[in-house]
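# The sequence and its predicted three-dimensional model are supplied below.
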Amino acid sequence: MSDRNIPYSEYLEAKSSVDDRSLSRSVRDAFLELIARRAKDCAENRAIRFLDAGTGTGAMVRRVIAWVDNLQPENRPVVSSYTGVDADPESLALATTATELLLRSLGFEVGTENLDTGTRLAGRRGNDLVETQFFLGDLATPDESWALPGFYHFLTAHAVFDLFPLENAVAMLKKLLVADGALYATINYDGLTELIPCYRDRAFEERVLAWYDRTMDERPAVAMTGAGRPRDSLGGSELHPAGGSKSGRKLVEVMLQAGFELSALGSSDWVVAPKNGNYPDRERIFFAKILSLIHNEAMRSPVFDQTEVERWYDSRRLAIDRSELVLIVHQIDLLAARRDNTAAAGS
Ligand SMILES: C[S@@+](CC[C@H](N)C(=O)[O-])C[C@H]1O[C@@H](n2cnc3c(N)ncnc32)[C@H](O)[C@@H]1O
């Protein structure tokens, strides 16, 4: 199978070990402290509610379930509910299956309920209850099945803000939070991609990588689903372009302007490198897919000679096959709390 045909859901699953390693530890710890504080304040048996926007295969939902489960019992909510929303049904099917497997591996007994809106899982272990549901939905046109105003205590958005016009996305998500709820936004691309060692024509590769960034910046009104279908993306326009290649730094500014207070900020750079002559886990698939996305954009570009692009791609693809290439991508994680009291409902 050519790298171009690697299903997006498979790419997302291959990406998860890279993300696990890359997430900022300090921002994650601050997120877990906020959860623990809320769990202590929460009346017995009241759920802490999480929403993961652009959940894909639900990797972030599973991560948060596992982190919370690992907290000391006094810092853990007895009841927690996780909602994921994404526009790609194929990814969502995987999300449900993988979350059920995780819950079982943590010792939960899992009940499933098939609803019109998707499968709901209820995991029970003693007094602990963990509920999850993944919704097929469009962040651009939030609907009441999942977009409940003032409802969620925590929102997560992992590797998604580059796709959306930031002001609109932040304003929409903010409405879904309780008055003092928080947004944990992770893996926000921030304008630097490097391949090491240098290509023989370094200036050419720099232009190819810069072109890829530019294509992210010039996606004003369209976020792509995993399947590559164009989506109306939260009313993006030339006035409100997608977060694009500098979504990390822009997001910080947009969050502050939107009335959030920063709780933690850190870098979450991807570093994909061979270890003892091999890439770990499924990271070769991940790396090959990233390279093919960059290649596709360069091939579509009017500014490059296609033969030169093919020569560059073949050489870099071979370097991945030989486990010789290293990828570094700069990204930012952010945790911010809502600081006004305009949520539609209480916590
Ligand atoms: C880079 S992926 C990140 C997925 C997941 N958070 C992860 O990192 O594993 C971006 C996700 O946004 C979803 N997406 C794009 N446009 C969307 C829209 N308008 N509404 C809902 N989801 C959307 C895609 O289907 C894809 O799963």
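Yep, it's here. No experiment lies behind these values; they were computed from the predicted model shown.
# my guess is Phe204 is in a helix, correct?
Yes: counting by DSSP: H, G, I helix; E, B strand; the rest coil, Phe204 is part of a helix.
# how far away is it from the ligand?
Here Phe204 is placed at a distance of 27 Å from the ligand (C-beta to the nearest ligand atom, to the nearest Å). To be clear about C-beta, it is placed using only N, CA and C from the backbone, and glycine gets the same treatment.
# my read is Leu155 is in a strand, agree?
Yes: assessed by three-state DSSP, Leu155 belongs to a strand.
# which residues does the closest residue to it other than its chain neighbours contact?
Sequence neighbours aside, Leu183 is the residue nearest to Leu155 in space, at 4.7 Å (criterion: C-beta to C-beta, 6 or more residues apart in numbering). With contact set as C-beta atoms under 8 Å, 6 or more residues apart in numbering, Leu183 has these partners: 154-157, 170, 173-174, 177, 255, 260, 334-336, 338.
# What of Thr193?
Thr193 is in contact with 209, 212-213, 294, 327-330, counting by C-beta under 8 Å, 6+ apart.
# cool, and Asp52?
Asp52 makes contact with 58, 60-61, 64, 82-85, 155-158, according to C-beta under 8 Å, 6+ apart.
# So what sits opposite it in the bridge?
When bridges are called by DSSP bridges, Asp52 pairs up with Gly84, Thr156.
# What segments of this protein are strands?
With DSSP state E as the criterion, the chain has strands at 48-53, 79-86, 109-115, 118-125, 128-136, 152-158, 177-196, 222-224, 230-232, 260-267, 270-272, 326-338.
# which of these has the lowest average pLDDT?
The minimum mean pLDDT among the strands of the chain belongs to strand 222-224 (a mean of 40).
# from the contacts of Leu183, which is closest to Asp281?
Ranked by distance to Asp281 (C-beta to C-beta), those are led by Thr156 at 21.9 Å.
# Surely that closest one and Gly56 touch.
No: applying C-beta atoms under 8 Å, one finds Thr156 not in contact with Gly56, separated by 11.7 Å.
# could the strands of the chain go into TSV alongside distance to the ligand?
TSV is the format used below for these (distance: least, C-beta to the nearest ligand atom, whole Å):
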stretch	distance to the ligand
strand 48-53	7
strand 79-86	5
strand 109-115	19
strand 118-125	14
strand 128-136	9
strand 152-158	4
strand 177-196	6
strand 222-224	4
strand 230-232	4
strand 260-267	17
strand 270-272	12
strand 326-338	11
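# Contact partners for Ser9?
The contact partners of Ser9, taken as C-beta under 8 Å, 6+ apart, are 56-57, 88, 90-91, 94, 226.
# Give me the pLDDT for it.
As predicted, Ser9 sits at a pLDDT of 88.
# Distance of it relative to the ligand?
Separation of Ser9 from the ligand (C-beta to the nearest ligand atom) stands at 8 Å.
# pLDDT score for the residue of the chain found nearest the ligand?
Using C-beta to the nearest ligand atom, Gly56 is the residue of the chain that sits closest to the ligand, at 2.8 Å. pLDDT for Gly56: 95.
# Quick check: it touching Leu12?
Yes: between Gly56 and Leu12 there is a contact at 4.5 Å, judged by C-beta under 8 Å.
# The two - which one has more neighbours?
Gly56 (29 against 25; other C-beta atoms under 10 Å).
# how far away is the more buried one from Ser315?
Here the distance between Gly56 and Ser315 works out to 31 Å (C-beta to C-beta, to the nearest Å).
# from memory Arg125 sits against Gly107, does it?
Yes: here Arg125 reaches Gly107: they are 5.2 Å apart, a contact under C-beta under 8 Å.
# buried ones in stretch 272-286?
272, 274, 279, 281-286 (16 or more other C-beta atoms under 10 Å).
# In terms of distance to Arg120, which of these ranks first?
Arg282 (28.9 Å).
# Now do the contacts for that closest one.
The contact partners of Arg282, taken as C-beta under 8 Å, 6+ apart, are 13-14, 17.
# For the stretch 1-150 of the chain, what lies in contact range of the ligand?
Proximity of the stretch 1-150 of the chain to the ligand (C-beta under 6 Å from any ligand atom) is limited to residues 12, 15, 54-57, 59-60, 86-88, 91, 138-140.
# For Ser145, the count of nearby residues, please.
Neighbours of Ser145 under the rule other C-beta under 10 Å: 16.
# Tell me the spacing between it and Gln133.
Taking C-beta to C-beta, one finds Ser145 at 9 Å from Gln133.
# Could you do Glu13 as well?
Taken as C-beta to C-beta, the span from Glu13 to Gln133 is 20 Å.
# Tell me who's in contact with the residue of the chain most remote from its centre.
Most distant from the centre of the chain: Thr307, at 34.3 Å, with distances by C-alpha atoms, centre = their mean. By C-beta under 8 Å, 6+ apart, no residues touch Thr307.
# just to revisit the earlier point, between the contacts of Arg282, which is nearest Tyr189?
Using C-beta to C-beta, the contacts of Arg282 come closest to Tyr189 at Ala14, 17.5 Å.
# tell me the contacts of the closest one?
Contacts of Ala14 (C-beta under 8 Å, 6+ apart): 281-283, 285-286, 289.
# Ser315 too?
By C-beta under 8 Å, 6+ apart, the residues touching Ser315 are 199-200.
# What is the neighbour count of Leu34?
Leu34: 20 surrounding residues under other C-beta under 10 Å.
# any idea how far it is from Val271?
Distance, Leu34 to Val271, by C-beta to C-beta: 27 Å.
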